[in-house]
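Enquirer: Pasting the sequence and the predicted model now:
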Amino acid sequence: MKQQEIIPLTPYQKLVIFILAASQFTVILDFMIMSPLGDMLMKSLSIKPSGFGIAVSAYAFSAGLSGLLTAGFADKFDRKKLLLFFYCGFIAGTIFCGLAHSYVALVAARIITGLFGGVIGSVSMAIISDLFALQQRGRVMGFVQMGFGASQVLGVPIGLYLANALNWEATFFMVATLAVIIAVLILVKLKPVTTHLAVQQDKTAFTHLWHTIIKRDYRIGFTATALLSIGGFMMMPFGSVFAINNLHVTYAQLPMLFMVSGISSLIIMPLVGKLSDRIDKFKIFAVASVWMMIMCVIYTNLSVTPLWLVIIFNVLMMMGIMSRMIPSSAMISAVPELRDRGSFMSVNSSLQQIAGGIAAAVAGMIVVQKDKFSPIEHYDTIGYVIIGIGFLGLFFVYRVSKIFNRKLKTTHVVQKADVLVSEE
């Protein structure tokens, strides 16, 4: 396998990685906590599977709409200010979730949270693309995506403990408190990110958005992201409902299940990130995708299972999910040009959220539960759908890899030219 040049990270770049990883931790936790709280919410607010699917997808659809509305403006402002603005809105939405005491109020609060939280990931990706070279992004994605694993190791278990000890509302208040601390860190430590402002050519936001959407390479990246999101979101909303009602995992055991899966993610992601900076990213993605599809089918066909075996299957499935997320994110980050990065990432994030919302809503229509204490049915169907979506995703990520390799060769040529000039 071909070795690639390793560029070391500066102390400030490491600080930026920590800030972005911390913000991602809270945003991902806010979204993910709906799944482990799913059974509790459905029983507390008398929500049916189809209704819970709508509650989960409400966040995704509003996040997608928000991303599309802000795409034209995303490259017109300092990225630090954009990040801080949307992060503060996300905090307010999370507080409203904790104050919701009916199904309608919960859905409304999730919509508000999604309107702000859904844009944070795209702004973070634009900052990463601005501040880190292509040869660094595998490692950066590995560390930033650790927010996913950390949310399972720390956030979800602590959130479930609070929900069991107090009530489910306490979990959202915990997320909001952590987010306030991180918002202060962004304000004080993150420097302005304005390099992209010097290369802007479009006069209006609509023109800039249109010029982003019509580019062929960009559309390939958008399609790949949407397909990856559909496959990734389908199982998640009913994960805890399936574990409790079908596998007979107890509420007391649920934090342990998420914690062990999260620890495995924290170990896997930095390793995959480093590996993807050394060898071909698509090969890692392809192997991880096939592995994930196999494990999804096995897991969704389980019945009553001992906790230790459920944990093993979760860890094996998480290996596949994480190992495909990091290289695909690194490759897709290379698709846009500097002047389009904010707009591209906003549209990309929007399609990711909308596709995820569709997946959650469809999963809610597939899954059936006779009453709130009975096993859910047709969860295995979701596993088979993921296989079909997974193969489509492989095809489009392969096309993205071609774009990435082309950009990488161009970068190497420019770097060699710069070296020759400096030697002369």
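Expert: Yes, it's here.
Enquirer: for Cys97, phi and psi?
Expert: Backbone torsions of Cys97, given as degrees, to the nearest 10, read phi -60, psi -40.
Enquirer: Output the below-cut-off pLDDT ranges for the stretch 101-250 of the chain.
Expert: 134-139, 141-142, 145-157, 196-206, 208-209 (pLDDT under 70).
Enquirer: let's see 50
Expert: Nowhere does the stretch 101-250 of the chain drop to pLDDT under 50.
Enquirer: would you list every one of the helices in it?
Expert: 103-131, 137-144, 146-150, 156-165, 169-189, 205-213, 216-233, 239-245 (DSSP state H, counting those that start in this stretch).
Enquirer: Nearest to Ile358, out of those helices?
Expert: In terms of C-beta to C-beta, the element of the helices of the stretch 101-250 of the chain nearest to Ile358 is helix 216-233, at 6.8 Å. To be clear about C-beta, it is placed using only N, CA and C from the backbone, and glycine gets the same treatment.
Enquirer: what's the nearest residue to Met345 if we skip its chain neighbours?
Expert: The spatial neighbour of Met345 that comes closest, neighbours along the chain excluded (C-beta to C-beta, 6 or more residues apart in numbering), is Ser122 at 3.8 Å.
Enquirer: ditto for Phe238
Expert: Val367 (5.5 Å).
Enquirer: so the one you found makes contact with Ile376?
Expert: Yes: between Val367 and Ile376 a contact is recorded at 5.1 Å, counting by C-beta atoms under 8 Å.
Enquirer: list residues touching both of those two?
Expert: Common neighbours of Val367 and Ile376 (criterion: C-beta atoms under 8 Å, 6 or more residues apart in numbering): 49, 238, 241.
Enquirer: hmm, back to that, of the helices of the stretch 101-250 of the chain, flag the one that's most buried.
Expert: Comparing those by mean neighbour count (mean count of other C-beta atoms under 10 Å), helix 137-144 ranks first with a mean of 26.
Enquirer: Around the residue nearest to Phe238, count how many other residues there are.
Expert: 22 (other C-beta atoms under 10 Å).
Enquirer: Report the contact partners of it.
Expert: 49, 53, 238, 241, 376-379, 382.
Enquirer: Got the confidence number for it?
Expert: Confidence at Val367, expressed as pLDDT, is 84.
Enquirer: now Ser264
Expert: 78.
Enquirer: And it, how close does it get to Asp380?
Expert: Distance, Ser264 to Asp380, using C-beta to C-beta, to the nearest Å: 24 Å.
Enquirer: neighbour count winner among these two?
Expert: Ser264 (21 against 15).
Enquirer: Need the helices of the stretch 101-250 of the chain in a markdown table (columns: distance to Phe344).
Expert: Output for the helices of the stretch 101-250 of the chain, formatted as a markdown table (distance: least, C-beta to C-beta, whole Å):
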| stretch | distance to Phe344 |
| --- | --- |
| helix 103-131 | 8 |
| helix 137-144 | 15 |
| helix 146-150 | 21 |
| helix 156-165 | 31 |
| helix 169-189 | 22 |
| helix 205-213 | 6 |
| helix 216-233 | 6 |
| helix 239-245 | 31 |
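Enquirer: just so I know, which of those helices lies nearest Leu394?
Expert: Of all these, helix 216-233 sits nearest to Leu394, with 9.0 Å by C-beta to C-beta.
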